[in-house]
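[1] structure, please.
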Amino acid sequence: MKTIAKALAGAALLLSVAGTAAKAAPLDVFACVPEWASLVKAIGGERIANVTLATSALDNPEGMKPTPGLIASLGKANLIVCTGAGLEDGWLPSLLERANNPAIAKGKPGSFMASEFVKLIEDESDEVDHGHGQKSAGGGHMHGEGNPHIQGDPNNVRVIAGQLAKRLIALDPEGKDVYTANAKTFINQLTALTKELQTKAAPLKGASIAVQHGNSIYLLKWLGVRTAATVEPEPGVAPGPAHLAEIIGDVPKQKIRFIVYATYEDPAPSRFVAEKAKIPLVKLPFTVGGTPEANDLFGLYKDSVDRLLDGLAGRERS
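    Residues are numbered from 1 along each chain as shown. Below you'll find the model as predicted:
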């Protein structure tokens, strides 16, 4: 009888522990892009059961294809965390329709679009400055809401972190203390890092560079870097010989110091310009996971600043 009693007690204990574990991690999250998956983990901590990430740093976040696995993950998600502002319009709506999960439908608490909480830079003002008041369009994203690559500015992420904590609390009130503490820690650390990096990046302010695509506009604006040329004449359109020649000619005129491209982009056209103009080519992580150093949001900003400073010093980074 004692053996049976011990076995029953052990089973009850196991069930209790299992129940506690299940209760401690109640939320299943679907993140569209790496920066928001990283933020969810930082704020959610032990309350997050699982985070499914739809894209990686090697993927163009605007051009994903639906897969059965992603549809299944959406179908069971309690919360979807995406950028919005048109970034995922090419693939997310069809995924949501096929997943048929009312909890994460637009307007529901389970749908969190980060761009709704920050001021967007308008695409139509995303222009290349050629000096003397002359400007031409370049690198826009053709999204009516504005440029969606808001993760480039840590000040945006700090605001979004606070809003995400509120949404997690609304979905999981029992985790309020965890979400509040984690958000406070994250925001304080990011605030301190932002000040530190702004001081470190002071030499970049006012420097002129070329970009392959207009996806780093928030990062460059935060640091006061001037975009003097865009290699892609239109999003996703390969530059022709005349356009490349124009940019090469602009390098000395505009005092362009280096060219940047994102991890997921083919740098061939930018490399051609860099070699002909004899200026460095610098790869930026763009998002979490884009480089080995950018293993979280803090690493993303640290590595981005380090790489830009290397470019300013005449060093290539790939």
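[2] hey, where'd the helices end up in the stretch 51-200 of the chain?
    Under the criterion DSSP state H, counting those that start in this stretch, the stretch 51-200 of the chain contains helices at 68-76, 92-99, 154-171, 176-200.
[3] possible to save those helices as CSV with mean neighbour count, mean pLDDT and distance to residue 38?
    C-beta: built from backbone N, CA, C; applies to glycine. Shown next, in CSV, are the helices of the stretch 51-200 of the chain (neighbours: other CB atoms under 10 Å; pLDDT from 0 to 100; distance: least, CB to CB, whole Å):
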stretch, mean neighbour count, mean pLDDT, distance to residue 38
helix 68-76, 16, 96, 17
helix 92-99, 17, 95, 19
helix 154-171, 20, 98, 10
helix 176-200, 15, 98, 10
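[4] and residue 36, which of the ones you listed is closest to it?
    When the helices of the stretch 51-200 of the chain are compared by CB to CB, helix 154-171 sits nearest residue 36, at 8.2 Å.
[5] residues making contact with stretch 259-271?
    57-60, 209-213, 215-216, 231-232, 238-239, 244, 273-274, 279-287, 290-291, 307-308, 311, 318 (CB atoms under 8 Å, 6 or more residues apart in numbering).
[6] which members of those are classed as buried?
    The neighbour-count test (16 or more other CB atoms under 10 Å) marks 57, 59, 209-213, 215-216, 231-232, 239, 244, 273-274, 279-287, 290-291, 307-308, 311 as buried among those.
[7] mark which of these are part of strands, please.
    Among these, the members found in strands (DSSP state E) are 209-211, 281-284.
[8] quick check: closest non-adjacent residue to residue 87.
    Of all residues not flanking residue 87 in the chain, residue 148 sits nearest, at 3.9 Å (CB to CB, 6 or more residues apart in numbering).
[9] thought the one you found was touching residue 90?
    No: between residue 148 and residue 90 there is no contact, the gap being 11.7 Å when judged by CB atoms under 8 Å.
[10] ok, these two, which is more surrounded?
    Higher neighbour count among residue 148 and residue 90: residue 148, with 26 against 14, using other CB atoms under 10 Å.
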